[in-house]
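> Generate a structure from the sequence data that follows.
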Amino acid sequence: MTDSQIALLLIDPDPIFRLGLATALASEADLEVRGQLDPAQGLDALRDLLAPNPDASEQVWVIVFDLSLEGGREVSDGLNLLSQQQQAATLFLSSYQDSQLLQTLQQQGISGYLPKGSAIAEITNTIRQLATGAPHWPNLPPEPPALSSPQTPQTPPRWLYNLRSSGLKQIENALNQVSQQLNRENLPSLDWLFWQGRQRELKTARWLVNQLLPVEVVIQPSLPPDSPQPPDPYPIPLNEAPGALTPAPSLLDQFLQKLAFGLQNSTAICLELEILRREKQQELLYRVVKQLEAILEDLELLKVTPDELANQQSLILRELWQKSALAFLSPYISEWNNRPLFDCIVQNTPPIEENCLSQIPLSLDLLNYLLFESPLFIENVPYRPESPEAKTRASQLLDHLILQVANGVIQFVLNQFAELENLKYTLYERQFLSSREIARFRNNLSWRYRQDRYLENPKAIFESQYRLYTLDRGQLRITPIYAPRLQELEQLEGIPWLVTIVLEGRDALAPRVRAVVSFLGSGVVYVLTQVIGKGIGLIGRGMIQGLGNVVQETRYRRERMRE
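Numbers count the residues shown, from 1 in each chain. Purely as a prediction, here's the structure:
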């Protein structure tokens, strides 16, 4: 092992992985990260990073890199540029384990390889080994033996080729949309990380489609054994016309991407989800998303019409809540009071449906958008489903739907299993383990339910608004949207109706009271400044003049005495 300082260059398309690796390597005394680069920045940035360094004679350089399998000729040139670095060792740290790819890299002069996910100790030891000049190529499979006679492969069915072409069209269209987002000016850092992750996933999916689904087979005569030609490990994507994407998977996937940032309640409202640990919050919301996706697929297979969907709206929400609760709780509890868990869920469905599911706004509009790509009405204006306004509104409605169903699941847990020990230690945050804290949390929720019923909901109805819970960069926020609610306003009675009357009276009296107070205030200011203020000014002026006369008379007397 070398005793010199080892300088490292990290080249990886994943910014989060680069940051994590640089942080882990910073704890090693003999390793120092000198630079980081995204391969998407191009060959010029790569050449600048690999330019001769005046400290190269004093330090040993190791380049840790990974290249996505897209980019065609530019990726090939970047790989050649890396392999030409005589003063530095190169480590291919990647999740790709294709034997042909690894053999090609070894033939081109790359020093070593490790799969992503290797322990940090193994990575540091390999870096030190490469710094000494020793290569590291673990578990390379042998070359497959040459066949004695060419075999004619069976032609796959035509529908499989069509499936490949359709999938690549959808992926290419999604990549174009992601590229447009990444090219936006003043893009926030978190948005940039999100779209980078989305781009990385789509490129991986495209590579898998290229690898797993067949292409048109063309039989060529075999090459002579003395002139081998290695295959190109970086397949170039097909230049096909992009096709339309289904809105539902993109919206659900977008929610899961936002969920990866966590769930921090930025409102002043107590929510049921707050009692769960962070990983359990994400697990519950993930299960709700998967159940919703399965229900949408079933509805598509059944070819439900818009009229049938309107009649089954409440049944769909009920089924979504029941399946989500069962999927989330079944690993922890199978029965309660000698009854199966599902029977307990069905029995407690009516109160959850009344207090939670029935309060979810515009759920029918969202389902029509997801299933039939129907236009969304925003402030009484219909917007095409592919428009940015419709996508934003659909995303907001979907966030609220998923969050409210998840809150309903925890409401059921708190009503039935609040003190069950195995659920408490498995699901709850540590500060909610005691019975007192659980009771306090439930009382806060009860107070919120009453406040929503008697104050906030009537106020939102009177203001023609819906208050949606939305998830933005890991922050749970309240987003008000306009919607006509005159019919609901006319049906209010009791305390909610009285609240609207009080609000209307305040709106009617407040401007007049403010005008009277403003008028009186102006009068008081006038009296203080123009009358009393001027009077005080005159008195002060007289006093100053009197003092001036006294000084002049005293000076005159002194001069007369001197004469």
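> quick one: residue 251 and residue 395 touch, right?
Yes - with contacts defined as Cβ atoms under 8 Å, residue 251 counts as touching residue 395 at a distance of 6.0 Å. Just so you know, the C-beta spots here come from the backbone N, C-alpha and C atoms, and that holds for glycine as well.
> Quick check: which element contains the spatially most central residue of the chain?
Using Cα atoms, centre = their mean, the residue of the chain that lies closest to the mean C-alpha position is residue 258, 2.0 Å off. In this structure, residue 258 sits in helix 247-259 according to DSSP states H and E.
> Would you mind pulling up the elements that whichever helix or strand comes after that helix packs against?
Scanning the chain past helix 247-259 towards its C-terminal end, the next helix or strand to appear is strand 264-265 (assignment: DSSP H and E). Counting contacts by 3 or more Cβ pairs under 8 Å, 6 or more residues apart in numbering; DSSP states H and E, strand 264-265 is packed against strand 475-482.
> which other helices and strands contact the strand it packs on?
For strand 475-482, where contacts count as 3+ Cβ pairs under 8 Å, 6+ apart, the packed elements are strand 264-265, helix 388-416, strand 465-472.
> ok, now how distant is the nearest residue to the residue nearest to the centre of the chain once chain neighbours are set aside from residue 385?
The shortest distance from residue 258 to any non-neighbouring residue, by Cβ to Cβ, 6 or more residues apart in numbering, is to residue 471 (4.9 Å). Taking Cβ to Cβ, to the nearest Å as the criterion, residue 471 is separated from residue 385 by 21 Å.
> Please say which of the two ends up with more neighbours.
Neighbours per residue (other Cβ atoms under 10 Å) separate residue 471 from residue 385, with residue 471 holding more: 24 against 16.
> confidence score at residue 404?
We have a pLDDT of 91 for residue 404.
> ok, now which ones touch the nearest residue to it once chain neighbours are set aside?
Excluding its sequence neighbours, the residue lying closest to residue 404 (Cβ to Cβ, 6+ apart) is residue 360, at 5.2 Å. Applying Cβ atoms under 8 Å, 6 or more residues apart in numbering, one finds that residue 360 lies in contact with 317, 400, 401, 404, 405.
> Tell me the one of the residues you listed nearest residue 553?
Closest approach to residue 553 among the contacts of residue 360 (Cβ to Cβ): residue 400, at 86.7 Å.
> surely that closest one meets residue 476?
No - using Cβ under 8 Å, residue 400 is not in contact with residue 476, being 10.6 Å away.
> neighbour count winner among the two?
The residue with more neighbours, out of residue 400 and residue 476, is residue 400; 25 against 20, by other Cβ under 10 Å.
> Spit out the contact partners of residue 336.
Contacts here follow Cβ under 8 Å, 6+ apart; on that basis residue 336 touches 344, 416, 417.
> Chain neighbours aside, what residue packs nearest to the first one?
Spelled out, it's residue 344. When the adjacent residues along the chain are set aside, residue 344 lies closest to residue 336, with 5.0 Å between them (Cβ to Cβ, 6+ apart).
> Quick one: closest of the helices and strands packed on strand 475-482 to residue 207.
Comparing the helices and strands packed on strand 475-482 by their distance to residue 207 (Cβ to Cβ), the top pick is helix 388-416, with 27.1 Å.
> Identify each buried residue in that closest one, please.
In terms of neighbour count (16 or more other Cβ atoms under 10 Å), helix 388-416 has its buried residues at 390-391, 393-414, 416.
> Then stretch 432-446?
Residues of stretch 432-446 classed as buried by neighbour count (16+ other Cβ under 10 Å): 432, 438, 441, 442, 445.
> The last one touches residue 273, doesn't it?
Same thing as residue 445. No - using Cβ under 8 Å as the test, residue 445 is too far from residue 273 to be in contact (11.1 Å).
> how long is stretch 339-351 end to end?
When the termini of stretch 339-351 are compared using Cα to Cα, to the nearest Å, they are 19 Å apart.
> who's in contact with it?
Identification of contacts with stretch 339-351 by Cβ under 8 Å, 6+ apart yields 318, 321-322, 325-326, 329-330, 333-337, 412, 415-416.
> try stretch 272-285
Under the contact criterion Cβ under 8 Å, 6+ apart, stretch 272-285 has outside partners 255, 259-260, 262-263, 265, 324, 328, 402-403, 406-411, 414, 426-429, 432, 438, 441, 445.
> Can I take it that residue 545 is in a helix?
Yes - assessed by DSSP: H, G, I helix; E, B strand; the rest coil, residue 545 belongs to a helix.
> Next one: it relative to residue 406, how far apart?
From residue 545 over to residue 406 (counting by Cβ to Cβ), the distance is 81 Å.
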